[in-house]
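Q: coords please:
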Amino acid sequence: MTSQPSGEITATPAQRIGWTLLILTTLYICYFGHLGVIGFVGPDEPRYAWIARDMAETGDWVTPRLYGKPWFEKPVLYYWGAALSFKLFGVSEAAARLPSAISALLATLALAWFAWRTYGEECARWLLLLLPTSVGMIGFSHAAATDMPFAGMLTVAMVCAAVVLGLTRDENSPILPRTPWLALLLFGFFLGLAVLAKGPAAIILSGGTVFFWAIFTRRWRDALRLLHPAAIGSFCLTALPWYILCARRNPDFFRIFIIEHNFKRYLTPEFQHVQPFWFYGGVLSVAFLPWSAAVVGAMISAMQVLQRRRRLNPATAWLICWSMVSLVFFTISRSKLPGYILPAIPAIGLLFARSCQVAARAKSSWLSYLSLAAVVLFTVASGTAAIVGHVLARHSHRNGNFGIAASVILLLFAIANCFLWFAISKFYPPHARMKALAAAGAVLPILFAMLSLHKLLPYFLPGDPSGKTVAQEISARGISPHRLAIHGMSRGMHFSLNFYLRQEIPDWDAAAPKDGYLLLDRMGCKFIVEETAVCGETPLYLEASSRYLFRVTPKASLDRLGGGREPK
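A: All right, here's what the predicted structure looks like:
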């Protein structure tokens, strides 16, 4: 058992049971609640789910295939996890998102263990309450994508690396350190899984963290322990077999994956994800909602402490290097997407939890000031949203409900920050039991929001943002996907429609029209098919998805029939 830091609030056995129940409830609701509440959205979810379904059905666990063709944009770890989930639980949105939820859980538990070993029991509790209730961890744990598996495996690897570096040692550890064989093997194993999740970026992020940590702490000998043959062997046995097998079966694998989807994606704007240099500052501010203001306060307080002491705890230096390397590496990239910065969030989350632990014993803290400011801002924003929703309700029932729903969410954020302020502020009577109750109360508004997600989501997304509803309507009318074409549909909706119809639906090609149906989101078929085809007089209206299905016949076919009549 590790010794508790000075001033640590140690829970009684009964309190530990209560904390355990609250933490387990928080982890389950935030990471596993409502995984299938909506269909696949965006361009990535339906494509990744398609590849995983193809693996499960064909039994080919080596070559990822999208619409029957090899597809090497990402490595294989997510596809393996989702394919296995499909086999165990059937094909569904929840099953496709389960690997991300499990990855988030593993990362949080590993980080909580590290917090307990380095900063004490109270810090671990703060982490287990605040990190899972942040918007970023909730959102990415509910995404059928590679981001959370990558960040999750990398987080576990970084915790294992911290053990090898001796950051979890205490006065009960042996004076002469033994070789941490298990930590070395697990470090190599989970780093290999991170490389299988997203590629060589895992090596760069972990290596960069170790390098700068060694510079700041001057512990080069400890850093070199991570190059132990046990770690290297475990990494190679985990990561290399799939890369070798895939390259042998697909000669163009390394060119497409390494050159195009790693070097070109990072060094050039070819993939059209160009963003300003401050992009990830905005992403992190959203990812840490409702705690964003408190996180900024924690950063300011930490810099003040560092300025006074001019010395960092090695474990704290490790977390700072980890988060900063991730932030700088992806900021330099010419291609930026929100999910890229996810590896930095666990490290920042632990630094935030540590700041909450310290702030609860400090006379004053920027963290407490800004958490109180967040209460005021969210309350004002909630009232404003309610007023705007009430005004809009006179003109649009849907827009009015959106304002009311936003008001509810913002009010819950205000309540959560109010409890946080009670837990860490010296302005509140510093009774340990009351502060513990306030800390527990901070997560309850977020849990309520998550439990109400299925009711609140339709107000924010009044129409199904996926292709699930329209696919169901098309199938219900007995229309074969082979006879379908689309026009004017977003990439995300298009890929989602492909998944649910189990068919790659082509865009309408006026130069080579085919006899069948054209799916549109508005009237005006004749202006789209131009001079090469004829639209039916009366379209099928898909009421649930607010779309139109037009019967379309090429003019050449009508001319051969000799009628030239419009199709019915």
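Q: Residue 549 - how many residues pack around it?
A: Residue 549: 22 surrounding residues under other C-beta atoms under 10 Å. Quick note: C-beta positions are derived from backbone N, CA and C, even for glycine.
Q: Sorry, slip of the keys, the one I care about is residue 12.
A: Neighbour count for residue 12, taken as other C-beta under 10 Å: 8.
Q: Let me see the confidence value for it.
A: Among the per-residue scores, residue 12 holds a pLDDT of 77.
Q: Contact partners for it?
A: For residue 12, the contact set (C-beta atoms under 8 Å, 6 or more residues apart in numbering) is empty.
Q: Look up how far residue 20 lies from it.
A: 13 Å (C-beta to C-beta, to the nearest Å).
Q: Quick check, central residue of this protein?
A: In the chain, the centroid-proximal residue (C-alpha atoms, centre = their mean) is residue 140; its distance is 1.7 Å.
Q: Tell me if I'm right that residue 334 and residue 267 touch.
A: Yes: counting by C-beta atoms under 8 Å, residue 334 does reach residue 267; the two are 6.1 Å apart.
Q: So which of these two has more stuff around it?
A: Just comparing residue 334 and residue 267: by other C-beta under 10 Å the higher neighbour count belongs to residue 334, 15 against 12.
Q: can you pull the pLDDT of that one?
A: Note for residue 334: predicted pLDDT of 84.
Q: can you give me phi and psi for it?
A: phi -80, psi -10 (degrees, to the nearest 10).
Q: which ones are touching it?
A: 266-269, 274.
Q: May I see the buried residues of the helix or strand harbouring residue 519?
A: According to DSSP states H and E, residue 519 maps onto strand 516-520. Buried positions in strand 516-520, judged by neighbour count with 16 or more other C-beta atoms under 10 Å: 516-520.
Q: which one of those residues is nearest residue 554?
A: Nearest to residue 554 among these: residue 516, at 9.7 Å, using C-beta to C-beta.
Q: could you pull out the strands for the protein?
A: Per DSSP state E, the chain carries strands over the ranges 65-66, 69-70, 484-486, 516-520, 533-535, 540-542, 547-554.
Q: how about the ones you listed, which one is nearest residue 416?
A: strand 547-554 (39.1 Å).
Q: Could you check the angle the closest one makes with strand 516-520?
A: 140 degrees (axes from the mean of the first three to the mean of the last three C-alpha atoms, to 10 degrees).
Q: Thought residue 489 was touching residue 43, still the case?
A: No: here residue 43 lies out of contact with residue 489, judged by C-beta under 8 Å, at a distance of 11.7 Å.
Q: remind me which residues of the stretch 301-450 of the chain are low pLDDT?
A: Along the stretch 301-450 of the chain, the parts satisfying pLDDT under 70 run over 363-364, 393, 395-400, 426-432.
Q: cutoff 90 now
A: The model of the stretch 301-450 of the chain has pLDDT under 90 over residues 301-313, 333-337, 357-369, 385-405, 422-438.
Q: Helices along the stretch 151-300 of the chain, start to end?
A: 181-198, 201-217, 220-224, 229-249, 253-254, 265-267, 279-287, 292-309 (DSSP state H, counting those that start in this stretch).
Q: Mean neighbour count, those helices: which tops it?
A: Comparing the helices of the stretch 151-300 of the chain by mean neighbour count (mean count of other C-beta atoms under 10 Å), helix 181-198 comes out on top with a mean of 24.
Q: Show me what that one is packed against.
A: The helices and strands touching helix 181-198, judged by 3 or more C-beta pairs under 8 Å, 6 or more residues apart in numbering; DSSP states H and E, are helix 77-89, helix 147-164, helix 201-217, helix 229-249.
Q: how does this protein divide up, domain by domain?
A: Domain segmentation of the chain under automatic domain parsing yields 30-359, 366-460, 468-561.
Q: deepest of the ones you listed, which one?
A: It is domain 30-359: most buried of the domains of the chain by mean count of other C-beta under 10 Å, with a mean of 20.
Q: lowest-pLDDT helix or strand in this structure?
A: helix 555-561 (a mean of 67; mean pLDDT, DSSP states H and E).
Q: hmm, back to that, include pLDDT and distance to residue 406 when you put the buried residues of strand 516-520 into JSON lines, please.
A: Listed next are the buried residues of strand 516-520 as JSON lines, based on pLDDT from 0 to 100; distance: C-beta to C-beta, whole Å:
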{"residue": "516", "pLDDT": "92", "distance to residue 406": "42"}
{"residue": "517", "pLDDT": "94", "distance to residue 406": "38"}
{"residue": "518", "pLDDT": "93", "distance to residue 406": "37"}
{"residue": "519", "pLDDT": "94", "distance to residue 406": "32"}
{"residue": "520", "pLDDT": "92", "distance to residue 406": "31"}
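Q: Among the residues you listed, which one lies nearest to residue 76?
A: Among those, and counting by C-beta to C-beta, the member closest to residue 76 is residue 519, at 32.9 Å.
Q: Could I get the contacting residues of that closest one?
A: Applying C-beta under 8 Å, 6+ apart, we find residue 519 in contact with 470, 474, 484-487, 489, 505, 547-549.
Q: and it, what are its bridge partners?
A: Beta bridges link residue 519 to residue 486, residue 549 when assigned by DSSP bridges.
Q: got the contact list for the nearest residue to residue 100 once chain neighbours are set aside?
A: The shortest distance from residue 100 to any non-neighbouring residue, by C-beta to C-beta, 6 or more residues apart in numbering, is to residue 148 (3.9 Å). Applying C-beta under 8 Å, 6+ apart, we find residue 148 in contact with 99-101, 103-104, 140-141, 342.
Q: possible to save those as a markdown table with distance to residue 80?
A: Compiled in a markdown table, the contacts of residue 148 are given as follows (distance: C-beta to C-beta, whole Å):
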| residue | distance to residue 80 |
| --- | --- |
| 99 | 8 |
| 100 | 13 |
| 101 | 16 |
| 103 | 12 |
| 104 | 17 |
| 140 | 19 |
| 141 | 18 |
| 342 | 20 |
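Q: just those now: which is nearest residue 388?
A: Looking across these and measuring by C-beta to C-beta, the closest to residue 388 is residue 140, at 29.4 Å.
Q: wait, doesn't the closest one sit right on residue 99?
A: No: at 11.6 Å, residue 140 does not count as touching residue 99 under the criterion of C-beta under 8 Å.
Q: Pipe the strands of the chain into a markdown table and attach distance to residue 117 per row.
A: Shown next, in a markdown table, are the strands of the chain (distance: least, C-beta to C-beta, whole Å):
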| stretch | distance to residue 117 |
| --- | --- |
| strand 65-66 | 43 |
| strand 69-70 | 44 |
| strand 484-486 | 54 |
| strand 516-520 | 56 |
| strand 533-535 | 68 |
| strand 540-542 | 56 |
| strand 547-554 | 55 |
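Q: Would you mind telling me which of those strands is nearest residue 354?
A: strand 65-66 (42.9 Å).
Q: Name the strands paired with the closest one and say parallel or antiparallel.
A: strand 69-70 (antiparallel).
Q: contacts for the strand it pairs with?
A: 63-64, 250, 253.
Q: again with stretch 409-424
A: 133, 289-291, 293-294, 356, 359-360, 365, 367-368, 371-372, 374-375, 378-379, 381-382, 385, 428, 434-436, 438-439, 441-446, 448-449, 456.
Q: can you tell me which of the residues you listed are in helices?
A: 293-294, 356, 359, 367-368, 371-372, 374-375, 378-379, 381-382, 385, 434-436, 438-439, 441-446, 448-449, 456 (DSSP state H).
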